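Trainee: kindly generate the corresponding structure for this input.
(chains A and B)
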Amino acid sequence: MRNTIMTEKLVRRGVRVPVEYEADYLARIHVADACTRRVITLSEDQTVGEVHDITATHQGFPIVDAAGRLIGVLTRRDFMDRTPDTPLRALIRRPPSVVFPDMSLRDAADHMVREDVGRLPVVDRDDPTKLFGIITRSDLLKVHARRLEEEHG
Amino acid sequence: MIETAARAPTERSLIDARVLRICAWSVGLALVTGFVAQALVGIIGLVTNIAFYGRFSTAFVSPAGNHRGWMVLFIPAIGGVIVGLMARYGSKAIRGHGIPEAMEQVLLNESRIPARVTILKPLSAAISIGTGGPFGAEGPIIATGGALGSLVGQIFTVTATERKTLLAAGAAAGMAATFGSPVSAVLLAIELLLFEFRPRSIFPVALASVTATAVRMLYVGTDPIFAMPLLARQSGEALTAYDVVGAIVGWLAVYVTRAVYWIEDLFEHLPVHWMWWPAIGGLAVGAVGIIAPRTLGVGNDNIEGMVAGRIAGEAVVWLCLWKFVSWSISLGSGTSGGTLRRCLPSAAAPVPPWAGFWRRPFRDSESIREFARWSGWPPCSRARHARFWRRWSSRSRPPFNPWHFFRSSPAAPRDIWFPRC
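Mentor: Alright, predicted model coming up:
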């Protein structure tokens, strides 16, 4: 019998009653352990035309200045319908939403939801312009492969 | 270039000022719920006395000793009509034993329970149980506590999660106030209402649970009036037998649950408005009550009798079968009454026939009877259960008096903070 005398009534009404409570798997993992370290960055001085080939490979890119400091994030959608000679710095409209390497994936996921973005640059806690890596939605899903393996072998 | 700082997530501590505030509200809530629980016992006693003995008293009595004769057939039905009217014109939420209804509000409605439920639920339960309904009062008091907590959460501006915490705190307080089981009350709240285990919600719920237990101790006391004999050392054979009996009870529980829902489905087919179902269920309770008067009411004296070994053998099976018939039909009819305590005698039913069988190998029938206490939910200490039943069913229980709380406490402070069991 799947349900108890307490939950059967609710299940019959179509309510999904939680029965298993476990610690959040994402809260167990550091961003540093799940993020991508080799980040493809674009320079603010490049133009939309110059980066056209690279943007086909990924969805979003951290934008850095001449000194390699993070100044924003652009996604493929930002490049659409732009004249080829637009410099990337003109497309940046808001400060980057970032996470720190010692935060948990739960923090990262929640931050993505609040900021309505799909990827977060991972930056140094002491110097938030220093790029450490990048974490995306699919990284968050990928770690669950490890969980499933732990559970089902 | 945009020279603004990068936006990093804010890190929140496990416990902050808001949690402390919820804790404070939970303690206040538990005090109120503790009194409401005692008041509910008084009202059940009052309804029982009026319905079965025609006298005005809040003393807690069993309806079994009534002299109403065949009139007993109609007393639960009259209660059923009143409950039906309250459900139809008051709040539909009072139907059922209360816990699934509270769960539903948590899962679907951001823990908002209508304020009128806080009054209607305990009243309807008191009428249903007082007129002979074979239920426990704890489901309704858990539902009432939960409704009170939800009400606090609706009056003050809190988040949905904080309101859920308050609801669970009220419910745990309700359970602790009836059973005097602070630990299992917290576990029940986690499993059925919180659906989580984290400091933010456990602290308020645990505080509420302990506070309500303290209120209960002020009324009922902590001293063991029913001294439990110390058990013989548990042998491996005895423990094996407990396992076997436990497995059987678990297996029976599946069929008990199915039976209740099967009966509920049958009621769905009746060509009358659901308002009349509790009255029809009441007729069944009354009919069974004429055959077996002990099935009427909460039935703590029965459990106590089984635990003490006064009711044993075939009598237990007979009583439990009738009680099961009466309980499942009336619960299926959607009246207002609790389920938890009712599970106890059912669990005890298969045990005593075994007791004779196992007596020789153990030379200790006590250890088998012990199982009746062990098998019970909530899983708190045996001594605590036994004392509770004894106190609850004791005829000499004083009538409910809210001023007791302000008089000098019968329990030493040490016992409130470090109960002896």
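Trainee: around chain A, pick out the residues from the stretch 51-200 of chain B.
Mentor: Proximity of the stretch 51-200 of chain B to chain A (Cβ under 8 Å from any Cβ of the partner chain) is limited to residues B:96, B:99-100, B:103-104, B:107-108, B:190, B:192, B:195-197. No exception for glycine: its C-beta is placed from N, CA and C like everyone else's.
Trainee: just the buried ones out of the residues you listed, please.
Mentor: B:96, B:99-100, B:103-104, B:107, B:190, B:192, B:195-196 (16 or more other Cβ atoms under 10 Å in any protein chain shown).
Trainee: filter those residues down to the ones in helices?
Mentor: B:99-100, B:103-104, B:107 (DSSP state H).
Trainee: circling back to that earlier point, including pLDDT, could the residues of the stretch 51-200 of chain B next to chain A go into JSON lines?
Mentor: Below are these laid out as JSON lines (pLDDT from 0 to 100):
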{"residue": "B:G96", "pLDDT": "74"}
{"residue": "B:I99", "pLDDT": "83"}
{"residue": "B:P100", "pLDDT": "84"}
{"residue": "B:M103", "pLDDT": "88"}
{"residue": "B:E104", "pLDDT": "87"}
{"residue": "B:L107", "pLDDT": "90"}
{"residue": "B:L108", "pLDDT": "89"}
{"residue": "B:I190", "pLDDT": "92"}
{"residue": "B:L192", "pLDDT": "88"}
{"residue": "B:F195", "pLDDT": "91"}
{"residue": "B:E196", "pLDDT": "90"}
{"residue": "B:F197", "pLDDT": "90"}
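Trainee: shaky segments in the stretch 201-350 of chain B?
Mentor: Residues of the stretch 201-350 of chain B meeting the criterion pLDDT under 70: B:222-234, B:298-315, B:337-350.
Trainee: around chain A, pick out the residues from it.
Mentor: B:253-254, B:256-258, B:260-261, B:339.
Trainee: if we go to 6 Å?
Mentor: Selection of the stretch 201-350 of chain B residues close to chain A by Cβ under 6 Å from any Cβ of the partner chain yields B:254, B:257, B:261.
Trainee: most neighbours out of the residues you listed, which is it?
Mentor: B:T257 (19 neighbours; other Cβ atoms under 10 Å in any protein chain shown).
Trainee: doesn't A:I5 make contact with it?
Mentor: Yes: here B:T257 lies in contact with A:I5, judged by Cβ atoms under 6 Å, at a distance of 4.4 Å.
Trainee: tell me the buried residues in stretch B:108-119?
Mentor: Buried residues in stretch B:108-119, counted by 16+ other Cβ under 10 Å: B:111-114, B:117-118.
Trainee: and B:S326, that's in a strand?
Mentor: No: applying DSSP: H, G, I helix; E, B strand; the rest coil, one finds B:S326 to be helix, outside a strand.
Trainee: what is the burial count for the nearest residue to it once chain neighbours are set aside?
Mentor: In space, and not counting its chain neighbours, B:S326 is closest to B:V288: 4.0 Å by Cβ to Cβ, 6 or more residues apart in numbering or on different chains. B:V288: 26 surrounding residues under other Cβ under 10 Å.
Trainee: try A:R94
Mentor: A:R94: 12 neighbours (other Cβ under 10 Å).
Trainee: ok, now B:V316?
Mentor: Counted by other Cβ under 10 Å, the residues lying close to B:V316 total 22.
Trainee: returning to that earlier point: looking at the buried ones among the residues of the stretch 51-200 of chain B next to chain A, which is nearest A:I71?
Mentor: B:E196 (39.7 Å; Cβ to Cβ).
Trainee: returning to that earlier point: measure the residue nearest to B:S326 to B:T161 for me?
Mentor: Separation of B:V288 from B:T161 (Cβ to Cβ, to the nearest Å) stands at 44 Å.
Trainee: in the longest helix seen in chain A, what counts as buried?
Mentor: As assigned by DSSP H, the longest helix anywhere in chain A is helix A:137-152. In terms of neighbour count (16+ other Cβ under 10 Å), helix A:137-152 has its buried residues at A:139-140.
Trainee: do stretch A:13-21 as well
Mentor: A:V17.
Trainee: same check on stretch B:16-34?
Mentor: Using 16+ other Cβ under 10 Å as the test for burial, stretch B:16-34 gives B:19, B:22-23, B:25-27, B:29-34.
Trainee: of those residues, list those near chain A.
Mentor: Among the buried residues of stretch B:16-34, no residue lies close to chain A (Cβ under 6 Å from any Cβ).
Trainee: out of the residues you listed, which comes closest to chain A?
Mentor: B:V19 (18.0 Å; Cβ to the nearest Cβ).
Trainee: name the helices or strands packed onto the helix or strand the closest one falls within?
Mentor: For B:V19, the element it lies in under DSSP states H and E is helix B:17-48. Helix B:17-48 sits against helix B:117-130, helix B:138-155, helix B:160-179, helix B:199-220, with contacts defined as 3 or more Cβ pairs under 6 Å, 6 or more residues apart in numbering or on different chains; DSSP states H and E.
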